[in-house]
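K.L.:
prediction below, plus the sequence it came from.
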Amino acid sequence: MSKTLQAIRGMNDILPEQTPTWRYLENTLATLLDGYGYKEIRLPVLEFTELFARGIGEGTDVVDKEMYTFLDRNAESLTLRPEGTAGCVRAVLEHGLTGGGQVQKLWYAGPMYRYEKPQKGRYRQFHQVGVEVFNLPGPDIDAELIVLTARLWQKLGLAGSVTLQLNSLGSSEARAVYRDALVAYLQERFEQLDEDSQRRLTTNPLRILDSKNAQTQALLVGAPTLHDYLDEESRVHFEGLKARLDALGIGYEINPKLVRGLDYYGRTVFEWVTDKLGSQGTVCAGGRYDGLISQFGGKPTPGVGFAMGVERLVLLLETLELVPAALHSPADLYLCAFGEPAELAALTLAERLRDAMPGLRLVVNAGAGSFKSQFKKADKSGARFALILGEDELATRVVGCKPLRDDSEQQTIAWDALAQHLATCLAQA
Ligand code: ATP
Ligand code: MG
């Protein structure tokens, strides 16, 4: 017996009953980003593996354990993108978009791939909406990224369900000094660290701060904190960001353990977190990466951005029942036709109605069928009215207009008056 074909574990189908929520989220975001002057960029899903090895860095979970990497037919090593920043930076450099200090405010959306252990809120194909800004070094733009996400939560009704965590990583020099202090502290407690953290002590010690292991977290309570090592410029930058958030009335919690364990991240890092999704609580994460572009061989260029996890936001909207009911609204009209001549006339009539009524949701019966079966389909479609075109109606150029959601009488309407009549009927709640 042949095995039933199934989707790959952790790669989800997004079914018709869910797509309205996705579109709602995507459209809300696109409109919002438009309103702040951000431009969309579309990037390939596949890139050379080297891009991520250089752009995300060895010693990170993503590069070491989570990438979908394979050789193509030409023996080139390619990788399904695990995130969007590296590809965006590549594109910007390749097309000279940041040359001469040009400011770029960009966003992208699409699927990302990571070989992780699938669970609620964590998948192997997932979707991000990402924003990247180039050539703006100040805290004003960091604040803008945060305020626009805060506005998104407001629009979606999520403002009370997410909180902002904030930290500054300082300059790479300051971080190097701090790293030594942290390593010295943890080295003395090496045996008590979890296995991952022991490994990271040499590869990527700052990432240990982010460990999900309870015993390691307990050990970290007495560890030196990054905050005490901040350089003066980074401190001023951080104060500038906080002053802006305070002026906007955006609350935040300083979390000294919030890190991105990569050298080219510096200064601002932030995360929006919810307690409504269990352990997969981060819905949006971002930070400043002024060192990344030079890592790719470009001129030193300030960069800052964030990425949000679309699945987690969809889950959150569903969990909190914040999906507007109107999103799932069914068809307005279902057009039934009986007999070949009426079917032909119905086609033309339907197209005329679509011309006259932009946005009309009209389902034309397909597959013929008896009176009974067409009405059943009309009812199931959720439409508010069935339009009926049989031999008699065809002869006199009228249609029957039958309300499906209340007991009011069926009416007979001339074709020429139909659009007007329907517009009036549909406008009534
Ligand atoms: P986590 O700590 O949850 O693994 P991360 O630090 O790996 O997150 P980022 O690389 O910062 O995540 O990605 C930004 C956002 O993308 C995350 O905050 C999350 O909302 C979402 N995300 C990341 N990985 C996944 C995944 N495997 N499935 C679903 N969403 C994800
Ligand atoms: Mg991860």
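P.N.:
That came through, no problem. Ligands and ions are numbered 1, 2, ... in the order given.

K.L.:
pretty sure residue 183 contacts residue 205?
P.N.:
Yes. In this structure, residue 183 is within contact of residue 205 by CB atoms under 8 Å, at 5.1 Å. Quick note: C-beta positions are derived from backbone N, CA and C, even for glycine.

K.L.:
neighbour count: these two, which is higher?
P.N.:
residue 205 (21 against 15; other CB atoms under 10 Å).

K.L.:
wait, what's in contact with residue 284?
P.N.:
149, 271-272, 306-309 (CB atoms under 8 Å, 6 or more residues apart in numbering).

K.L.:
so which of these also contact ligand 1?
P.N.:
When contact is defined as CB under 6 Å from any ligand atom, the contacts of residue 284 meet ligand 1 at 307-309.

K.L.:
quick check, nearest of these to ligand 1?
P.N.:
Set against ligand 1, the nearest of these by CB to the nearest ligand atom is residue 309 (2.3 Å).

K.L.:
returning to that earlier point: let's have the contacts of residue 284 in a markdown table, adding neighbour count and distance to residue 412.
P.N.:
Shown next, in a markdown table, are the contacts of residue 284 (neighbours: other CB atoms under 10 Å; distance: CB to CB, whole Å):
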| residue | neighbour count | distance to residue 412 |
| --- | --- | --- |
| 149 | 23 | 54 |
| 271 | 21 | 62 |
| 272 | 25 | 57 |
| 306 | 25 | 58 |
| 307 | 20 | 57 |
| 308 | 22 | 53 |
| 309 | 23 | 54 |
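
K.L.:
return the subset of those residues lying in strands.
P.N.:
271-272, 306-309 (DSSP state E).

K.L.:
which of those residues sits closest to residue 140?
P.N.:
residue 306 (15.6 Å; CB to CB).

K.L.:
and the pLDDT for the closest one?
P.N.:
Here, the pLDDT recorded for residue 306 equals 97.

K.L.:
OK, contacts around it?
P.N.:
Residue 306 touches 130-131, 145, 149, 270, 284-287, counting by CB under 8 Å, 6+ apart.

K.L.:
at 6 Å instead, please
P.N.:
Applying CB atoms under 6 Å, 6 or more residues apart in numbering to residue 306 gives the contacts 131, 145, 284, 286.

K.L.:
quick check: the closest residue to residue 7 other than its chain neighbours vs residue 370, distance?
P.N.:
With sequence-adjacent residues excluded and distances taken as CB to CB, 6 or more residues apart in numbering, residue 7 is closest to residue 13, at 6.1 Å. From residue 13 across to residue 370, the span is 34 Å (CB to CB, to the nearest Å).

K.L.:
make CSV out of the contacts of residue 306 and add pLDDT, secondary structure and distance to residue 197.
P.N.:
Shown next, in CSV, are the contacts of residue 306 (pLDDT from 0 to 100; DSSP: H, G, I helix; E, B strand; the rest coil; distance: CB to CB, whole Å):
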residue, pLDDT, secondary structure, distance to residue 197
131, 98, strand, 31
145, 98, helix, 30
284, 97, strand, 26
286, 95, strand, 25
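
K.L.:
for ligand 1, state which of these is nearest.
P.N.:
residue 284 (6.0 Å).

K.L.:
mind listing what's buried along stretch 247-254?
P.N.:
Neighbour-count burial for stretch 247-254, counted by 16 or more other CB atoms under 10 Å, picks out 250, 252.

K.L.:
may I have the distance across that stretch, first residue to last?
P.N.:
17 Å (CA to CA, to the nearest Å).

K.L.:
tell me which residues are up against that stretch.
P.N.:
By CB under 6 Å, 6+ apart, stretch 247-254 touches 147, 150, 164-166, 245.

K.L.:
could you verify my assumption that residue 159 touches residue 152?
P.N.:
No. Judged on CB atoms under 6 Å, residue 159 makes no contact with residue 152 at a distance of 9.3 Å.

K.L.:
among those two, which residue is more densely surrounded?
P.N.:
The neighbour count for residue 159 versus residue 152, taken as other CB under 10 Å, is higher for residue 152 (22 against 12).

K.L.:
the more buried one in helix, strand or coil?
P.N.:
State at residue 152, reduced to three classes by DSSP: H, G, I helix; E, B strand; the rest coil: helix.

K.L.:
that older thread, as CSV, the ones next to ligand 1 among the contacts of residue 284 with distance to residue 317 would be great.
P.N.:
Output for these, formatted as CSV (distance: CB to CB, whole Å):
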residue, distance to residue 317
307, 18
308, 13
309, 13
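
K.L.:
phi, psi of the residue nearest to residue 7?
P.N.:
With angles defined as degrees, to the nearest 10, residue 13 sits at phi -80, psi 140.

K.L.:
distance check, it against residue 29.
P.N.:
Using CB to CB, residue 13 is found at 22 Å from residue 29.

K.L.:
and what of residue 197?
P.N.:
36 Å.

K.L.:
ok, now residue 413?
P.N.:
Distance from residue 413 to residue 29, by CB to CB: 42 Å.

K.L.:
those two - which one has more neighbours?
P.N.:
residue 29 (23 against 18).

K.L.:
who's in contact with the more buried one?
P.N.:
With CB under 6 Å, 6+ apart, residue 29 has these contacts: residue 129.

K.L.:
go again using 10 Å as the cut-off
P.N.:
Residues near residue 29 by CB atoms under 10 Å, 6 or more residues apart in numbering: 38, 107, 109, 129, 131, 148-149, 152, 155-156, 308, 310, 313.

K.L.:
now the element after whichever helix or strand it is part of, going C-ward?
P.N.:
Assessed by DSSP states H and E, residue 29 sits inside helix 19-35. The first helix or strand that comes after helix 19-35 along the chain, using DSSP H and E, is strand 39-40.

K.L.:
so what secondary structure elements neighbour that following strand?
P.N.:
With contacts defined as 3 or more CB pairs under 10 Å, 6 or more residues apart in numbering; DSSP states H and E, strand 39-40 has these neighbours: helix 19-35, strand 104-113.

K.L.:
residue of the stretch 1-150 of the chain with the smallest distance to ligand 1?
P.N.:
residue 126 (3.4 Å).

K.L.:
so that residue is in contact with residue 311, correct?
P.N.:
Yes. Assessed by CB atoms under 10 Å, residue 126 is found in contact with residue 311 at 5.2 Å.
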